[in-house]
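Enquirer: my questions are about this predicted structure, shown below with the sequence.
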Amino acid sequence: MRTDRKSGVSAAVTWGLLAAWAANDLEEIATMAGWLRTARPKLKDRLPWVPDRVWKRADLTQREVNTAIGLMGVLVAAAAAEGARTGGRSAFFRTTLAGFGLHGVVHLAQSAAYGGYTPGVATSPTVVVPYSLWALRRLRAAGIPVGGARATAAGLAFLPVAVAGVHAAARVLARPRTPDA
C-alpha cells in the first residue's frame, strides 16, 4: 500500500472514499427507483403531512437515479483526488468523508424509521460506516485534524445540499427530450 511521505496516509484512505461510495451507490442504482414506487403507500401513511406535490417530485425514473448518482460520483471522485493530492489534508476531502459517513448513519436511521429495507442500507453497516471510521482513524493517526464541531457541522450541511443539488440537476438532465418538429 503506497503511503504519502509527508502525511503517512495511504492511497487506500483517499481513494477508498470513491471505492466505498461506488459500492453503496451500486446498491442504490439497483434498488432506488423500484423501491420508491413500491414504498410510497407506506411512506404516505407514515408521513401524512407531506404535501402531494412532494410525493410527485419523489417519483424518480431509473434514468434520473442513474444521472443523480453519476453526478454525485463526479463530486466524490473530485474529493478523493483532492484527498490523494494533499495526502488527506484537503478540507474538501475531509468534509466529503465526514458527509459520507453521516450518509451511512442516515441510511440506517431511515431503515429503522421505515421498518424495513431502504436503498443503501445493506452497504451502510458493511462498507460505508466501517470505511469512514477506518479512514478517520488513519487521518488522526497521521496527525491530520478530522473532527470538531466545525467539521461535523460542515459535513451535516454539505450532505443535504449535495444530494439536493445532484437530484435537481438530474431531474433536468434526465428529462425526456422532445423530438424536433
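Expert: Looks like it arrived, so ask away.
Enquirer: pLDDT (mean, whole number) over the lengthiest helix in the chain?
Expert: Secondary structure of the chain per DSSP state H: the longest helix is helix 11-46. Mean per-residue pLDDT for helix 11-46: 92.
Enquirer: which strands and helices lie in contact with the very next helix or strand once past it?
Expert: Later in the chain than helix 11-46, the nearest helix or strand by DSSP states H and E is helix 52-57. Packing partners of helix 52-57 (3 or more CB pairs under 8 Å, 6 or more residues apart in numbering; DSSP states H and E): helix 11-46. The C-beta positions use only the backbone N, C-alpha and C, and glycine is treated the same way.
Enquirer: run the last query once more with 10 Å
Expert: For helix 52-57, the elements it packs on are helix 11-46, helix 149-173, judged by 3 or more CB pairs under 10 Å, 6 or more residues apart in numbering; DSSP states H and E.
Enquirer: centre of the chain to that helix, how far?
Expert: Distance, stretch centre to chain centre, for helix 52-57: 22 Å (CA atoms, centre = their mean, to the nearest Å).
Enquirer: then stretch 59-76?
Expert: Between the centre of stretch 59-76 and the centre of its chain there are 11 Å (CA atoms, centre = their mean).
Enquirer: what of stretch 56-76?
Expert: Worked out by CA atoms, centre = their mean, stretch 56-76 lies 11 Å from the chain centre.
Enquirer: repeat for stretch 49-57
Expert: Mean-position distance between stretch 49-57 and its chain equals 23 Å (CA atoms, centre = their mean).
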